[in-house]
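In: coordinates for the following, if possible.
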Amino acid sequence: MACSIPHSDDEIQALVQKQIDEDMVHQKAILDLALQFDNACTTKEDLRKAYEKYEEALRETLKEQTMDKKAREEKIKQKQADDDEYFMEFWVMRIDSDYESSN
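Out: Below is the predicted model of the structure:
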């Protein structure tokens, strides 16, 4: 007794080829997703590194601004001290000159 096959050899080969083609499409889609995932991971890492550089630059800027502010404050204090010294000296000189002229 012979076994009857519902499809001919050509039909079976066509079905197999169709399945191979579909599998190739699926494999390509999987590879594309893997590539997109890899690109996303790379982008994420690049963004993280860029943010770290930004934070470091911001810290440096704030540090410089703090140092500049301290330097400005020190200059102001020095100027005030110099002015105080000048006025005290001027006052003493004026008193000395008044004293000398009244003798």
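In: low-confidence ranges in the chain?
Out: Residues of the chain meeting the criterion pLDDT under 70: 1-5, 89-103.
In: at 90 what do you get?
Out: In the predicted model of the chain, residues 1-9, 64-103 satisfy pLDDT under 90.
In: measure the spatially most central residue of the chain to K44 for me?
Out: Nearest to the mean C-alpha position of the chain, counting by C-alpha atoms, centre = their mean, stands Y51 at 2.2 Å. Taking C-beta to C-beta, to the nearest Å as the measure, Y51 and K44 are separated by 11 Å. (C-beta placed from N, C-alpha, C; glycine too.)
In: then K77?
Out: From K77 to K44 the distance is 49 Å (C-beta to C-beta).
In: and if you look at I76?
Out: From I76 over to K44 (counting by C-beta to C-beta), the distance is 47 Å.
In: can you give me the helices for the protein?
Out: Using DSSP state H, the helices of the chain run over 9-102.
In: quick revisit: from K18, how far out is the residue nearest to the centre of the chain?
Out: 49 Å.
In: try M67
Out: Computed as C-beta to C-beta, the M67 to K18 distance reads 73 Å.
In: before we move on, what about T66?
Out: With C-beta to C-beta as the criterion, T66 and K18 are 71 Å apart.
In: C41: how many residues sit nearby?
Out: 10 (other C-beta atoms under 10 Å).
In: tell me who's in contact with it.
Out: By C-beta atoms under 8 Å, 6 or more residues apart in numbering, no residues touch C41.
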